[in-house]
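**Q** Predicted model, plus sequence, below.
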Amino acid sequence: MADVARGEIFLDPARQAEYDTEGYTTLPLLTPDEVAALLEGYAALVPEADEEHIAFDFTRDDRSVMDGVARLLQPLFAEKVPQHFVDHRAVFWTFVIKPAGPHSEMALHDDRTYVEEQHGRACTVWVPLVDTGPELDNGYLCVVPGSHTVLPAASGTNVPNWFEPYDEYLRERSIGVAVPAGTALIYDSKTLHWSPPNRSDAVRPALAVAVVPAHAPLVHVVGEGLHHRRVYAVDEEFFVRYHPTLVEGGMPDGYELVREYDEPRVSATPEEVAAA
């Protein structure tokens with residue numbers, strides 16, 4: 001099991017303790033008026049959402065949408081993050097729109113590496129803009145408690161997923177979290193999570209924001225083969241400007257290669273997975 005001891009993340013010690021142990025916590029973040037303003041602002045950016053599949057703004061071909069999302073969310077989270085976090089900043093923003101229907105499931109995954117381990121870890125702030133939960137069955141989020149402790153391997157472009165052999169086992173042990181509109185479900189970037197289809201009759205809008213230690217340099221990790229990794233220095237604009245598929249073909253020009261290394265372990269043992 002990996003050692004994930006780091007500096008303080010949350011101002012609230014109880015939330016910090018829950019996060020350290022489980023890999024996630026929740027807290028009230030947005031007021032009803034703020035939720036309504038975000039829904040209105042997003043409708044102006046994307047008048048027609050995908051009618052069948054889950055939609056992430058960071059995967060849209062039209063990168064102007066990501067620019068608009070950043071303008072909408074950046075000022076709000078510049079205000080919200082210091083109210084709950086110790087010396088952290090938001091660096092990435094996207095809406096996640098899940099339409100009603102059987103094709104809106106999100107696969108089990110962890111989130112990309114935004115900072116290297118010696119500087120801490122990123123966390124994701126997931127905020128539904130409508131009430132969500134297992135009872136509503138509207139595309140709520142499921143997390144695998146303790147999965148952030150299994151393997152500290154980096155995640156990024158063309159990097160193999162260590163958890164794929166255990167996908168079914170981990171899903172069965174995940175917890176569906178009821179999260180009201182405007183409440184944040186905050187999880188470690190290494191915490192595995194997934195989402196079942198939205199089986200309600202209405203769209204489920206949410207947003208996801210990456211938060212990192214304030215002074216940690218941003219990076220993007222690219223895999224070459226099973227073990228080799230290349231770590232590039234990036235900025236917030238990198239996530240706005242470049243589609244993930246473009247990066248799969250090679251890093252854009254202008255980003256410094258910080259280092260290269262070989263990941264010694266790219267898979268976990270069954271015992272490590274069971275102990276999480």
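**A** Nice, thanks for sending it over.
**Q** When you work out contacts or count neighbours from here on, use the C-alpha atoms and nothing else.
**A** Fine.
**Q** Tell me which stretches of the stretch 151-276 of the chain form strands.
**A** Under the criterion DSSP state E, counting those that start in this stretch, strands of the stretch 151-276 of the chain are mapped to 175-177, 183-188, 193-195, 204-213, 219-224, 228-233, 257-262.
**Q** Which secondary structure elements does the third one sit against?
**A** So that's strand 193-195. Under the contact criterion of 3 or more Cα pairs under 8 Å, 6 or more residues apart in numbering; DSSP states H and E, strand 193-195 touches strand 106-109, strand 141-143.
**Q** and of those strands, who's closest to R15?
**A** strand 141-143 (16.3 Å; Cα to Cα).
**Q** Output the contacting helices and strands for the closest one.
**A** strand 175-177, strand 193-195.
**Q** out of those, nearest to R15?
**A** strand 175-177 (15.6 Å).
**Q** Just the buried positions in the closest one, please.
**A** Buried positions in strand 175-177, judged by neighbour count with 16 or more other Cα atoms under 10 Å: 175-176.
**Q** so where is this protein shaky, pLDDT-wise?
**A** The chain contains residues with pLDDT under 70 at 1-6, 49-51.
**Q** which residues in it form helices?
**A** Using DSSP state H, the helices of the chain run over 13-22, 32-45, 64-84, 167-172, 236-241, 244-248, 270-275.
**Q** quick one, which of those helices is nearest to V212?
**A** helix 64-84 (10.2 Å).
**Q** measure A206 to Y232 for me?
**A** Per Cα to Cα, to the nearest Å, A206 is found 29 Å from Y232.
**Q** More neighbours: the two, which one.
**A** Of the pair A206 and Y232, A206 is the one with more neighbours under other Cα atoms under 10 Å, namely 24 against 19.
**Q** so how far is A184 from the closest residue to that one other than its chain neighbours?
**A** Distances taken as Cα to Cα, 6 or more residues apart in numbering place P128 nearest to A206, at 3.9 Å, with adjacent residues excluded. Using Cα to Cα, one gets 8 Å for the distance from P128 to A184.
**Q** Those two: which has the busier surroundings?
**A** Set P128 next to A184 and count neighbours by other Cα under 10 Å: P128 wins out with 26 against 22.
**Q** Next one: the more buried one from E237, what distance?
**A** For P128, the distance to E237 equals 24 Å [Cα to Cα].
**Q** follow-up on the earlier one: using a markdown table, lay out the helices and strands packed on strand 141-143 together with distance to N138.
**A** Listed next are these as a markdown table, based on distance: least, Cα to Cα, whole Å:
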| stretch | distance to N138 |
| --- | --- |
| strand 175-177 | 11 |
| strand 193-195 | 9 |
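**Q** and of these, who's closest to P160?
**A** Smallest distance to P160 across the helices and strands packed on strand 141-143 (Cα to Cα): 16.5 Å, for strand 193-195.
**Q** and the closest one, which residues are buried?
**A** Buried residues in strand 193-195 (16+ other Cα under 10 Å): 193-195.
**Q** ok, that strand: who's next to it in the sheet?
**A** Strand pairing for strand 193-195, determined by DSSP bridges: strand 106-109 (antiparallel), strand 141-143 (antiparallel).
**Q** Could you look over the ones you listed and pick the most buried one?
**A** strand 141-143 (a mean of 23; mean count of other Cα atoms under 10 Å).
**Q** contacting residues around the nearest residue to Y261 once chain neighbours are set aside?
**A** Nearest residue to Y261, sequence neighbours excluded (Cα to Cα, 6+ apart): R229, at 5.4 Å. With contact taken as Cα atoms under 8 Å, 6 or more residues apart in numbering, R229 is in contact with 221-223, 260-263.
**Q** R229 and A153, how far apart?
**A** Using Cα to Cα, we find R229 at a distance of 10 Å from A153.
**Q** shared neighbours of these two, which are they?
**A** Residues touching both R229 and A153 (Cα under 8 Å, 6+ apart) are E263.
**Q** Can you get me a residue count around E168?
**A** The number of residues packed near E168 is 11, by other Cα under 10 Å.
**Q** Fine by me, we can end here.
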